[in-house]
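Q: got a structure for you, letters missing:
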Ligand code: FA5
């Protein structure tokens, strides 16, 4: 029996030493220590031995079994460690490896400008209102006090859809929509796309963006209009921007004016970009809401007054980002877009 055990132990140790995976190791364990294993069989046969040999045989078998168990444990630790090492090596990231670069996009300049404008006016306490790009002749012209023969009404200036509906040529129709809601006072801005049959050049596009501003309350004056514009322009462009007011005519405001700002390139000194005038292109039209417009919307023009203006958003973007051509905003040229 002793010789038998010695041989089994040495055989098991050799097999364990040669095992190259945890699966092989498990098979070895089963063949020696499993239910029908060699050592288990020997244990079962102890009862058949003469009584005086039993204690010694039991001791030897237990010692052999423990030695095999320890050898298995030791080897399984080694194999597990090797496995972990292999896995770590396999999953190591080579930070020097070449990789495909993906450019991330950003909001179009015009949308960045719209968001900035809306946020400036929101901070000044204005409501931001949205409206449709297709509107009625009544909202776009009639209720805005536009005479029947006004050139803007002609089909050569404005894109009609039916006799009564059209692509809005300005956001001023939003004044009518908001006043018709019947809630006073009003302090709102509304921005969006407008459409005109304008010839394309460096400062004109047939589709562009406007931001309409309307305030209606008791005792609203031209001073409020001026203060609002000057606060806005300084928020948008900084402290050294001045505004120039020129008298103008709009059917829906009286008095009316147009506004330019300091040339952003030379800051008023005079340069080729501004034709040495020191002033930017025209940025907006505005004025005091005409009493006929208030009355058309059921507002008592004896009690209430208002101011309104319409900003050319594309031109604001041009001034803000130093662009010399409005078409840059719509060309989708990556070389241009990547600069912002
Ligand atoms: C109007 O559209 C008036 N509705 C503005 C207004 C509102 C006046 C409220 C009084 C009260 P005007 O046609 O001037 O006005 O256009 C306003 C601004 O839009 C211009 O100052 C200019 O900045 C911009 N704009 C006009 N036409 C174009 C165009 N084709 N392309 C780009 N911007 C333009």
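A: Perfect, thanks for sending it. Given the structure is predicted, the values throughout are model-derived calculations rather than measurements. Numbering: from 1, shown residues only.
Q: Check the spacing between residue 179 and residue 219 real quick.
A: 18 Å (CB to CB, to the nearest Å). (Glycine included, C-beta is placed from N, CA and C.)
Q: neighbour count winner among the two?
A: More neighbours sit around residue 179 than around the other of residue 179 and residue 219, counting by other CB atoms under 10 Å; the figures are 24 against 8.
Q: Can you pull the residues of the protein lying near the ligand?
A: Taking CB under 6 Å from any ligand atom, the part of the chain that reaches the ligand is made up of 170, 172, 196, 198, 204-205, 208, 210, 250, 252-253, 256, 282-287, 308-310, 312, 314-315, 326.
Q: Report the buried members of those residues.
A: Neighbour counting by 16 or more other CB atoms under 10 Å classes 170, 172, 196, 204-205, 208, 210, 250, 252-253, 256, 282-287, 308-310, 312, 314-315, 326 among the residues of the chain next to the ligand as buried.
Q: Just the ones of the residues you listed in strands?
A: Using DSSP state E, the subset of these located in strands is 208, 210, 250, 253, 256, 282-287, 308-310, 312.
Q: Just the buried positions in stretch 64-73, please.
A: With the criterion 16+ other CB under 10 Å, stretch 64-73 contains buried residues 64, 65, 68, 71, 72.
Q: Correction: the previous question concerned stretch 1-12.
A: Neighbour counts over stretch 1-12 (16+ other CB under 10 Å) mark 5, 8, 9, 12 as buried.
Q: among those residues, which two are most distant?
A: 5 and 12 (10.4 Å; CB to CB).
Q: related to what we said a few turns ago, make a markdown table out of the buried residues of stretch 64-73 and add pLDDT and secondary structure.
A: Written out in a markdown table, the entries for the buried residues of stretch 64-73 read as follows (pLDDT from 0 to 100; DSSP: H, G, I helix; E, B strand; the rest coil):
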| residue | pLDDT | secondary structure |
| --- | --- | --- |
| 64 | 92 | helix |
| 65 | 92 | helix |
| 68 | 94 | helix |
| 71 | 94 | helix |
| 72 | 95 | helix |
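Q: which one of the residues you listed sits closest to the ligand?
A: Within those, proximity to the ligand (CB to the nearest ligand atom) peaks at residue 72, which comes in at 84.1 Å.
Q: Which of the helices or strands spans the closest residue to the closest one other than its chain neighbours?
A: Closest residue in space to residue 72, ignoring its immediate chain neighbours: residue 29 at 5.4 Å, by CB to CB, 6 or more residues apart in numbering. Applying DSSP states H and E as the criterion places residue 29 in helix 22-33.
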